[in-house]
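Student: Sequence and predicted structure, then a few things I'm wondering about:
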Amino acid sequence: MKEPFEEVLKQFTPMIHHIIHSLHIYKNQDYYLQEGMIALWEATVTFEAEKGAFTSYAYSTIRGKLLNYLKKEIKFAATEEPSDDFKLDAIPYHESTIREDMEAYTQNLTENQRKWLVEYIINNKKIEEIAFETGATASAVKSWRRGALRNLKNVML
């Protein structure tokens, strides 16, 4: 490409927005726009005129990079979400020490988050069992879990 990158960017920014929209990306659009711009720059650097038109090359490069970035984001989000198999290891404590520690760590939890903690971790019940016993939905119990783990993590750090 002979023209300055700023001109190429101005010309292909609508294409980047179109690709973002076609991939149904609605969150963090600024990050994806930046990734698209980086992909456009890479396309200008690696483009070989004898292999075809720049427009189609730029489109496929940008779309491919955005799909790869989207896959990484989804994989990262999946690893950040706690699994249903999360269990705290049993540590041999005296019962009074356990109670004192539990009081200290759970003072920032809501009543529902404490219910999840006691039923899931201590009584070894599944999410569905807790939901049935409390009259809540499984997704509500999972929300309690997320909040409890977030609060516990903040207290322990």
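Tutor: Sure thing, it's come through.
Student: what ranges of the chain fall below the confidence cut-off?
Tutor: Along the chain, segments meeting pLDDT under 70 span 1-2, 78, 80-99, 101, 157.
Student: Tell me who's in contact with the residue sitting furthest away from the middle of it.
Tutor: Distance from the C-alpha centroid of the chain peaks at residue 50, with 40.7 Å (CA atoms, centre = their mean). Applying CB atoms under 8 Å, 6 or more residues apart in numbering, we find residue 50 in contact with no residue. All C-beta spots, glycine's among them, are computed from the backbone N, C-alpha and C.
Student: all helices for this protein, in order.
Tutor: Ranges of helices in the chain, per DSSP state H, are 5-22, 29-46, 54-80, 95-106, 111-116, 127-134, 138-156.
Student: Show me the contact partners of the second one.
Tutor: In other words, helix 29-46. So helix 29-46 is contacted by 1, 5, 8-9, 12-13, 16-17, 19-20, 25, 54, 57-58, 61-62, 64-66, 69-70 (CB under 8 Å, 6+ apart).
Student: for the shortest one, same thing?
Tutor: Among residues not part of helix 111-116, those counted as contacts by CB under 8 Å, 6+ apart are 106, 130, 134, 136, 140, 141, 144, 145, 147, 148, 151.
Student: tell me which residues of that helix are tucked away?
Tutor: For helix 111-116, the neighbour count (16 or more other CB atoms under 10 Å) marks 112, 113, 115, 116 as buried.
Student: And the second one, by the same measure?
Tutor: Judged by neighbour count using 16+ other CB under 10 Å, the buried positions of helix 29-46 are 32, 33, 35, 36, 37, 39, 40, 43, 44.
Student: what's the spacing between the third one and residue 131?
Tutor: It refers to residue 35. Residue 35 is 39 Å from residue 131, where distance means CB to CB, to the nearest Å.
Student: And for the second one?
Tutor: Note on residue 33: its distance to residue 131, by CB to CB, is 40 Å.
Student: try the fifth one
Tutor: In this view, residue 37 and residue 131 are 45 Å apart by CB to CB.
Student: Could I have the PyMOL command that selects the buried members from the contacts of helix 29-46?
Tutor: Here is the PyMOL command that selects the buried residues among these (16+ other CB under 10 Å):
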select buried, resi 8+12+16+19+20+25+54+57+58+61+62+65+66+69+70
